[in-house]
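Chemist: My questions are about this predicted structure, shown below with the sequence.
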Amino acid sequence: MTSTAVEPFRVVFVCTGNICRSPMADVVFRGFADASGLGMRVASTSAGTGDWHVGERADQRTIEALARSGYDGTRHRARQFTHADFAHSDLVVALDRSHERILRGWARTETDADKIALLLSFDPSARTMDVPDPYYAGPGMFDEVLGMIESASRALFRQLEPAIRPVH
């Protein structure tokens, strides 16, 4: 018996503690995939470079910002990025250049390093390459960060969509 199932394109979004930016990116990207009818062709997750929040929910302000924009971030549980994430991912998306540097340091092969990209590099309208960390800011900053993530995630999804759309 042969399977005609196609492996999903696997993306992991990475920030510092995996409670603010990367969960936002995962939820937003997943939203674009599901809305396009391609949810089954994409597997997305998120992780942090640090282990401070492993097992915790997303920051309450993250959940609230997502909810204000129609997303559900309540199922998220923080985890730390591991070397296995390179093997299990087609694309490793860093939320800022410090995460990118850490990930490049952890990459054991050129293939691993080639999977790393900055989220804002996909957004031609981005004025910076770093999504700012809203952790020490107020709710307004969470909304601003979410807007940046939505714009870049939309651009990333548009770039990936032709490759993941089934050929009929």
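Modeler: Alright, I've got the coordinates.
Chemist: List the buried residues of the longest helix belonging to the chain.
Modeler: Using DSSP state H, we find that the single longest helix of the chain is helix 139-164. Buried residues in helix 139-164, counting neighbours by 16 or more other Cβ atoms under 10 Å, are found at 141-143, 145-146, 148-157, 160-161, 164. Using the backbone N, CA and C atoms, a C-beta is placed for each residue, glycine as well.
Chemist: go on, stretch 72-91?
Modeler: Under the neighbour-count criterion of 16+ other Cβ under 10 Å, stretch 72-91 has 73, 76, 78-81, 85-86, 89-91 buried.
Chemist: Work out for me the element the residue minimising distance to the centre of the chain sits within.
Modeler: For the chain, Phe13 is the residue whose C-alpha lies nearest the centre (Cα atoms, centre = their mean; 2.8 Å). Following DSSP states H and E, one finds Phe13 within strand 9-15.
Chemist: For that strand, which helices and strands make contact with it?
Modeler: helix 21-35, strand 42-48, strand 91-94, helix 97-106, helix 139-164 (3 or more Cβ pairs under 8 Å, 6 or more residues apart in numbering; DSSP states H and E).
Chemist: in stretch 28-46, what counts as buried?
Modeler: 28-33, 38, 41-46.
Chemist: which residues are contacting it?
Modeler: For stretch 28-46, the external contacting residues (Cβ atoms under 8 Å, 6 or more residues apart in numbering) are 6, 8-15, 18, 22-23, 25-26, 66, 71, 76, 79, 146, 149-150, 153-154, 156-157, 160-161, 164-166.
Chemist: any idea how far Phe157 is from Cys15?
Modeler: For Cys15, the distance to Phe157 (Cβ to Cβ, to the nearest Å) stands at 19 Å.
Chemist: no, scratch that, I was asking about Ala113
Modeler: On the measure of Cβ to Cβ, Ala113 and Phe157 end up 23 Å apart.
Chemist: on that earlier part again, specify the angle between the longest helix of the chain and strand 42-48 in degrees.
Modeler: Compare the direction of helix 139-164 with that of strand 42-48 by axes from the mean of the first three to the mean of the last three Cα atoms, to 10 degrees and you get 140 degrees.
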